[in-house]
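K.L.:
Next comes the sequence, and after it the predicted model I'd like to discuss.
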Amino acid sequence: MRRYAATVARRLKRHYPDATCSLHFRSPLELLVATILSAQCTDERVNQVTPGLFEKYRTAADYARVPQEELEAAIRSTGFFRNKAKNIRACCQTLLQQHGGEVPSRMDALVALPGIGRKSANVVLGTAFGIGVGVVVDTHVTRVSRRLGLTEHKDPEKIERDLMALFPKSQWIDLAHAMVHHGRRICTARKPKCGACPFGDICPRIGVPN
DNA sequence: CTCCCGATAT
DNA sequence: ATATCAGGAG
């Protein structure tokens, strides 16, 4: 299984060598906000909203004092806009009260923020700070990992443990980015392009829908 | 488990 | 019409 995982890692690296976070951001705070917006929403849609958002609100203090309805209107098209606006505001209020207005670079502090779960914390740690304390397990990583037979689990935290056991820590950040890109381009949820898949010869679920 | 929710592909 | 999109909270 470890040998198989190494093969998967090598091919992912070969086919998605420049895979990186596709959310647009210039600071840990911008990535934190973009990550909250990305829940059940395409990164492409988030990237249409964030330029105007980041121009208008620059600091945690800006988000902490913006009226709820004003922020809702600015992020409406990303869906779940009431929850997301509430979380961004509460999140930034906590940043001001407990972290000097800065985004913390520790897992325990990040997951304690309202609206930030383990997945979002892993995104911020890995992409903004270069710290791979875990593996980002989102909808794409879940689907790709299961189809490739790297895990049998459905619970993201159990999938994360399986991936952490199968791949060396040095690969965790790039691994998730590559899997996300693979999940978007080839191993799609609805109609996977198995004919064009680089794992066509080794995938246990090649041609098997869902 | 349910709810939150708009935009897009199928 | 329905499934899905870099989820999280109650």
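P.N.:
Structure's in. What do you need?

K.L.:
how many other residues sit next to A:K169?
P.N.:
A:K169 has 11 neighbours, counted by other CB atoms under 10 Å. Using the backbone N, CA and C atoms, a C-beta is placed for each residue, glycine as well.

K.L.:
which residues touch it?
P.N.:
A:G132 (CB atoms under 8 Å, 6 or more residues apart in numbering).

K.L.:
same deal with A:C92?
P.N.:
A:60-64.

K.L.:
Can you mark which positions in the strand or helix carrying it are buried?
P.N.:
Applying DSSP states H and E as the criterion places A:C92 in helix A:81-99. The neighbour-count check on helix A:81-99 (16 or more other CB atoms under 10 Å) flags A:81, A:84-89, A:91-96, A:99 as buried.

K.L.:
Return the distance of A:K56 relative to A:Y63.
P.N.:
Separation of A:K56 from A:Y63 (CB to CB, to the nearest Å): 10 Å.

K.L.:
so where is chain A shaky, pLDDT-wise?
P.N.:
A:207-210 (pLDDT under 70).

K.L.:
check contacts around the residue sitting nearest the centre point of it.
P.N.:
Nearest to the mean C-alpha position of chain A, counting by CA atoms, centre = their mean, stands A:V123 at 5.0 Å. Counting by CB under 8 Å, 6+ apart, A:V123 makes contact with A:21, A:31, A:35, A:136.

K.L.:
what's the nearest residue to the first one if we skip its chain neighbours?
P.N.:
This points to A:C21. Among residues not flanking A:C21 along the chain, A:T127 sits closest, at 4.4 Å (CB to CB, 6 or more residues apart in numbering).

K.L.:
before we move on, what about A:L125?
P.N.:
A:I131 (4.4 Å).

K.L.:
any chance you could read off phi and psi for the one you found?
P.N.:
Dihedral angles of A:I131 (phi, psi; degrees, to the nearest 10) stand at phi -110, psi 120.

K.L.:
so what's A:R118 up against?
P.N.:
Neighbours of A:R118 in contact, by CB under 8 Å, 6+ apart: A:107, A:111, A:134, A:156-157, A:160.

K.L.:
Count the residues that sit near the closest residue to A:P51 other than its chain neighbours.
P.N.:
Nearest residue to A:P51 in three dimensions, chain neighbours excluded: A:H24, at 7.3 Å (CB to CB, 6+ apart). When neighbours are counted by other CB under 10 Å, A:H24 registers 15.

K.L.:
Which strand or helix spans A:H24?
P.N.:
Using DSSP H and E, no helix or strand contains A:H24.

K.L.:
I figured it was touching A:A34, is that so?
P.N.:
Yes: taking contacts as CB atoms under 8 Å, A:H24 lies within contact range of A:A34: 7.0 Å.
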